[in-house]
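Visitor: show me how the following folds:
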Amino acid sequence: MKCVCERNAGKGLHPGSGSQRPVIRECRSAYNDDDGFFFCWRVRNALVELNEFTENGGYGVSIGHKDSDNLVQKNRIAGNKKGGVLWRDEKEPMAAHNIRFLDNTIEDNTITAHEQVVHDRN
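Guide: Residues are numbered from 1 along each chain as shown. Prediction:
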C-alpha cells in the first residue's frame, strides 16, 4: 500500500471540496471512527482504484453533493459498520452524477434498517 490512513478520530481519506482529478490508488483506510473514503462537495474526475476501505465506524465510501464524473474501481469495501457505499440523500440538482463503480468487492458491511448500500445512479 502506498498510503495507510488508520485509526483517525473522524473520516479516513477525504478529497476536499472542489477537488479536480484526484487519484487515490493503492491506499488503505481502516479502523477510522467515521467513513473510510468521503467524497466532499464537487469532487470531479476522480480515479479511486485498488484501495481497501475496511473496518471503519461509518461507511466504506460516501458520495454525494455535486460529485461528478468519478470512477471507483477494483477496491475492497468490507466490514464497515454503517454500510459499504452511501449515496448521500441530495435533491437532483445537488446530487452526484455520472459516478461509475466497476469491479469492486463490497462485502460483510453492516446495514441498519434505514440505510441502503448502493443506489444505482449513472
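Visitor: low-confidence ranges, the protein, go.
Guide: Where the chain drops to pLDDT under 70, the residues are 112-122.
Visitor: redo that, cut-off 50
Guide: Where the chain drops to pLDDT under 50, the residues are 113-114, 116-117, 119-122.
Visitor: what's around S29, how many residues?
Guide: S29: 28 surrounding residues under other Cβ atoms under 10 Å. Placement of C-beta: from N, CA and C, glycine included.
Visitor: next one: Q73
Guide: Q73 is flanked by 14 other residues according to other Cβ under 10 Å.
Visitor: just the helices in this structure please.
Guide: Using DSSP state H, the chain contains no helices.
Visitor: what about the nearest residue to G18 once chain neighbours are set aside, how many residues nearby?
Guide: Closest residue to G18 apart from its sequence neighbours, by Cβ to Cβ, 6 or more residues apart in numbering: R42 at 5.0 Å. By other Cβ under 10 Å, the residues close to R42 number 15.
Visitor: might one say that R42 is in contact with P22?
Guide: No - shown here, R42 and P22 do not form a contact pair, counting by Cβ atoms under 8 Å, at 11.8 Å.
Visitor: identify the residues contacting the residue nearest to G18.
Guide: By Cβ atoms under 8 Å, 6 or more residues apart in numbering, the contact set of R42 is 17-19, 65-68.
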